[in-house]
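Colleague: sequence and computational prediction follow.
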Amino acid sequence: MSIAIYPGSFDPVTLGHLNIIKRAAACFDKLIVCVMINSKKQGMFTPEERVELLRRATERFQNVEVDFSNELLSAYAKRRRAHVVVKGLRAVSDFEQEVQMAVINRKLNPRLETMFLASSEKYTYLSSTIVKEMARYGANLADFVPREIVDDVNRRMKELERKEV
């Protein structure tokens, strides 16, 4: 069985993420979408909430599992018996950092390969950071996040704004 992992912070999951999930799921018997912690980012949702949002957004994909890990990706992949990491690339700036991580992961786990999927052109500009900024100003998020979670993102942004006041 071919198992791949698509790791990320997914805070929140965007339609760009969902596009990568759909395409990667078609390439493997099983795709594990793994919420991981990025210490450089401030979370809008807790890891548990992100897992739940991802599960709702991906429930139509039979071979997709959503999980959470706070361990190194290379160790998580070994434990889950996955040999491929899927990474989406939006721009050249993503490539440099992702190649560096791929080399490190392969050094830590020599059986782990990284597969890069280029973003669909309509999502090359899209990131969770941009979604959060649009939500802060009340923009319509329907073209940016899965419809299953639009209300969750808007509700959380309102909660965060109330805390700031």
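Modeller: Perfect, thanks for sending it. Just so it is clear, the structure is predicted and the values come from calculations on it, not from any experiment. Residues are numbered from 1 along each chain as shown.

Colleague: chain center to the biggest helix by length in the chain: distance?
Modeller: If you go by DSSP state H, the chain has its longest helix at helix 92-108. In terms of CA atoms, centre = their mean, to the nearest Å, the centre of helix 92-108 is set 16 Å apart from its chain centre.

Colleague: stretch 98-109 too?
Modeller: That offset, for stretch 98-109, works out to 18 Å (CA atoms, centre = their mean).

Colleague: okay, strands next: where are they in the protein?
Modeller: 3-8, 30-36, 64-69, 84-89, 113-118 (DSSP state E).

Colleague: including distance to D143, could the ones you listed go into TSV?
Modeller: In this view, the C-beta of every residue, glycine as well, is placed from N, C-alpha and C. Converted to TSV, the strands of the chain look like this (distance: least, CB to CB, whole Å):
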stretch	distance to D143
strand 3-8	20
strand 30-36	21
strand 64-69	22
strand 84-89	18
strand 113-118	20
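
Colleague: let me have these in a markdown table, adding distance to E48 and mean neighbour count as columns.
Modeller: Below are those laid out as a markdown table (distance: least, CB to CB, whole Å; neighbours: other CB atoms under 10 Å):
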| stretch | distance to E48 | mean neighbour count |
| --- | --- | --- |
| strand 3-8 | 16 | 22 |
| strand 30-36 | 9 | 23 |
| strand 64-69 | 7 | 18 |
| strand 84-89 | 23 | 21 |
| strand 113-118 | 27 | 15 |
